[in-house]
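Visitor: Quick one, structure for this:
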Amino acid sequence: MTQLKEPEFTDERSRLVFTDGGAVLPAFGCLLAFWLLLLSSCAGTVGEQAAGDASTAACTSELRYLYSFGSSGTMPGQFRSPSSVRIDPFQSLLVADTGNNRIQKLDASGRFMMEFGAPGSSEASLDRPTDCAANGLSIYVVDSVNERILEFDGDGRFLSVCVSSEGLSDRFASFKPRNIAFSQTGYVFVSDADADALVVFSRFWDPITVVGGFGAGEGRFRQPGGMAPDARGDLFVCDTGNGRLQVLSSTGNFLEWIPVCAGEPECEPSDVAAGPDGLLYVADPGSGRVMVLGQDGSARCEVHAVNGERLVRPCSVAVSQNGLVYVLDGGSDEVHVFQTSGSGPAPDAR
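Guide: Residues are numbered from 1 along each chain as shown. As a prediction, the model looks like this:
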């Protein structure tokens with residue numbers, strides 16, 4: 001990959017490009033740029049809804065909307081402020097149903113299969129789980145308030161407490177897990193938004209190192225969020241507070257960063273998925289959209305709405321091996337399903 005030494009931010013309205021070193025613009029063009037920016041800003045409020053619809057339409061060549069499932073509630077198949085959606089090796093869905101203190105497992109079409117977890121702090125209990133990941137035949141859950149990672153089998157039976165803040169050394173004493181991902185080399189990455197860092201564990205859950213720390217430089221984070229490995233083994237990390245993705249090697253070494261937010265104050269990339277088509281799918285709940293990017297950061301399209309209804313808080317995204325894109329909206333308690341171009345037949349809708 002080509003290492004990007006400085007993040008580049010593009011104001012899409014004025015088409016001016018800025019870097020950390022200042023504006024790349026001849027001095028005689030500044031006045032014209034100012035008037036263009038002023039005019040576009042005045043039109044922005046009026047055209048906001050139309051812009052969202054246009055962005056959604058632009059994605060029709062990349063994504064085709066199929067169906068949605070889920071609603072607000074406590075019954076099976078319902079959610080309360082869910083935080084993440086993941087896919088297990090059998091292509092079933094795992095949803096961290098945060099407000100209901102449980103993990104739900106559904107089939108590819110959204111049909112309820114099972115749930116596990118209960119409110120509390122005992123061994124098998126959960127208190128606001130924020131993420132989960134399947135690795136092998138086990139399901140690992142980020143039990144955020146209890147500050148630990150729990151392991152369950154594929155049927156939801158409790159197996160062990162993998163790691164907790166109480167059992168870590170002073171170096172990791174502030175361990176407040178948020179998201180989890182497994183690299184192809186067997187390392188486990190856990191994002192800690194409070195520490196602005198990633199904690200790296202071995203496959204046996206021995207703590208190895210801490211990657212990052214607060215900042216905007218290479219390998220530094222501000223509120224890191226969701227993570228996803230790609231087919232080459234690189235790990236994409238949502239650097240939410242810095243409005244970018246960071247790319248790490250499978251062992252945690254910094255490779256490059258990819259600017260995501262073009263100076264947009266509400267933009268907050270919180271989750272990412274690497275699709276089999278080589279594209280990146282980024283959930284941006286702050287702006288109410290899902291972005292489709294090339295791995296070089298080139299923007300392909302955005303989804304702002306489904307069937308004319310704007311997304312509320314799309315907080316997580318997952319892509320199956322057969323090219324189905326699942327977008328979890330934590331604001332409406334729904335999962336929206338899309339199909340990538342060139343993918344196989346979609347599962348039957350509910």
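
Visitor: what's the burial count for Ser109?
Guide: 16 (other CB atoms under 10 Å). Glycine gets a C-beta too; all of them are placed from N, C-alpha and C.

Visitor: What is the three-state secondary structure of it?
Guide: With DSSP: H, G, I helix; E, B strand; the rest coil as the basis, Ser109 sits in coil.

Visitor: For the closest residue to it other than its chain neighbours, list the residues it contacts.
Guide: Nearest residue to Ser109, sequence neighbours excluded (CB to CB, 6 or more residues apart in numbering): Pro347, at 4.3 Å. Going by CB atoms under 8 Å, 6 or more residues apart in numbering, Pro347 touches Asp107, Ala108, Ser109, Leu324.

Visitor: do you know how far Pro347 is from Arg244?
Guide: 34 Å (CB to CB, to the nearest Å).

Visitor: and what of Pro229?
Guide: 18 Å.

Visitor: what about those two, which has more around it?
Guide: Arg244 (24 against 18).

Visitor: Which residues are in contact with the more buried one?
Guide: Contacts of Arg244 (CB under 8 Å, 6+ apart): Pro7, Trp257, Ile258, Pro259, Val260, Cys261, Pro269.

Visitor: Quick one: which of those is the most crowded by neighbours?
Guide: Result: Pro269 is most packed of these (other CB under 10 Å), 28 neighbours.

Visitor: Reduced to three states, what does Val272 come out as?
Guide: strand.

Visitor: in the sheet, who's paired with it?
Guide: Taking DSSP bridges as the rule, Val272 bridges to Val282.

Visitor: what residues are up against it?
Guide: Gly226, Met227, Ala228, Phe236, Val237, Cys238, Leu245, Leu280, Tyr281, Val282, Ala283, Val317.

Visitor: Against Leu168, how distant is it?
Guide: As judged by CB to CB, Val272 and Leu168 stand 27 Å apart.

Visitor: Also Ser250?
Guide: 23 Å.

Visitor: same question, Glu309
Guide: 44 Å.

Visitor: go on, Leu245?
Guide: Computed with CB to CB, the distance linking Leu245 and Leu168 is 27 Å.

Visitor: Quick check: which element contains Phe189?
Guide: strand 188-192 (DSSP states H and E).

Visitor: Report the strands that pair with that strand, each with its relative direction.
Guide: Partners of strand 188-192 in its sheet, by DSSP bridges: strand 179-182 (antiparallel), strand 197-201 (antiparallel).

Visitor: List the buried residues in that strand.
Guide: By 16 or more other CB atoms under 10 Å, the buried positions in strand 188-192 come out as Val188, Phe189, Val190, Ser191, Asp192.

Visitor: and what of stretch 224-242?
Guide: Neighbour counts using 16+ other CB under 10 Å place 224-230, 234-242 of stretch 224-242 among the buried residues.

Visitor: among those, which are in strands?
Guide: Pro224, Gly225, Gly226, Met227, Ala228, Pro229, Leu235, Phe236, Val237, Cys238, Asp239 (DSSP state E).

Visitor: check contacts around the residue lying closest to the fourth one once chain neighbours are set aside.
Guide: Spelled out, that is Met227. Using CB to CB, 6+ apart and skipping the chain neighbours, the partner closest in space to Met227 is Ala181 (3.8 Å). The contact partners of Ala181, taken as CB under 8 Å, 6+ apart, are Ala133, Val188, Phe189, Gly226, Met227, Ala228, Pro229, Leu235.

Visitor: in the sheet, who's paired with the fifth one?
Guide: Applying DSSP bridges to Met227 yields these beta-bridge partners: Val237.

Visitor: Can you tell me how far it is from Ala262?
Guide: 23 Å.

Visitor: Over to the third one?
Guide: For Phe189, the distance to Ala262 equals 27 Å [CB to CB].

Visitor: With respect to Ala299, which of the buried residues of strand 188-192 is nearest?
Guide: Ser191 (24.5 Å; CB to CB).

Visitor: which residues touch the closest one?
Guide: Ser191 neighbours (CB under 8 Å, 6+ apart): Pro177, Arg178, Asn179, Ile180, Ala197, Leu198, Pro224, Gly225, Gly226, Met227, Val237.

Visitor: do the same with Gly275
Guide: Tyr281, Val319, Gly323, Val325, Thr340.

Visitor: what about 7 Å?
Guide: Tyr281, Val319, Gly323, Thr340 (CB atoms under 7 Å, 6 or more residues apart in numbering).
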